[in-house]
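J.: need a structure here:
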Amino acid sequence: MSEKSDPLIERAREAALRAYAPYSRFAVGCAVESVDGEVAVGANMENACYRLGVCAELAALTAAQGAFGLGRIARIAVAGGRVEDDALVGEGVVTPCGGCRQSILEAAQVAGRDVEVVSASGDGARAEARRISELIPAGFGPANLKDAG
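T.: Model prediction:
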């Protein structure tokens, strides 16, 4: 599936250019679209203490919560690769890691919809769209806590 003309993918690719990735040299950008068409973006930010890095999806979800709230999230695009001559390149489709899938599931359950996640290559030439329920089947989220005291 080619989604190069999808503006949400282009926003994710642009966000990746603002990543701080001196260790892996793998820049990831994420764009979160609301049901009203608003967009919040984020990029990965690495740290010399590797476990303290922040994924692009978490950065974008945090920005989305501040901009319009998790309850209004409709769709998410992720793109990643290496930066060459101020452009994002790479042929492999980038999907969210397991932790980010969990965070997207949380947002989806807050929103009450099975959020679409579009995963794109760095060059934007390839993309795959899946629902979060496909990316993390039988996931655990807020809905599972209804019996908590």
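
J.: Model confidence score at the closest residue to Phe68 other than its chain neighbours, please.
T.: With CB to CB, 6 or more residues apart in numbering as the criterion, Phe68 has its nearest non-adjacent residue at 4.6 Å, and that residue is Ser34. C-beta here means a position set from N, CA and C on the backbone, and glycine is covered the same way. According to the prediction, Ser34 has pLDDT 98.

J.: Using neighbour counts, pick out the buried residues of stretch 15-25.
T.: Ala15, Ala16, Arg18, Ala19, Ala21 (16 or more other CB atoms under 10 Å).

J.: Which ones among the residues you listed lie within strands?
T.: Here DSSP state E is the test, and those give no hits in strands at all.

J.: mind putting those in TSV, pLDDT included?
T.: Output for the buried residues of stretch 15-25, formatted as TSV (pLDDT from 0 to 100):
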residue	pLDDT
Ala15	98
Ala16	98
Arg18	98
Ala19	98
Ala21	98
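
J.: Let me have those residues in CSV, extended by distance to Val89.
T.: Shown next, in CSV, are the buried residues of stretch 15-25 (distance: CB to CB, whole Å):
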residue, distance to Val89
Ala15, 15
Ala16, 10
Arg18, 16
Ala19, 13
Ala21, 14
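
J.: Inside helices: which ones of those?
T.: Among the buried residues of stretch 15-25, the members found in helices (DSSP state H) are Ala15, Ala16.

J.: I'd like the next helix or strand past the biggest strand by length in the chain.
T.: With residue count as the measure and DSSP E as the assignment, the chain has strand 73-84 as its longest strand. Following strand 73-84 in sequence order, the next helix or strand is strand 87-89 (DSSP states H and E).

J.: I'm done for today, thanks for sticking with me.
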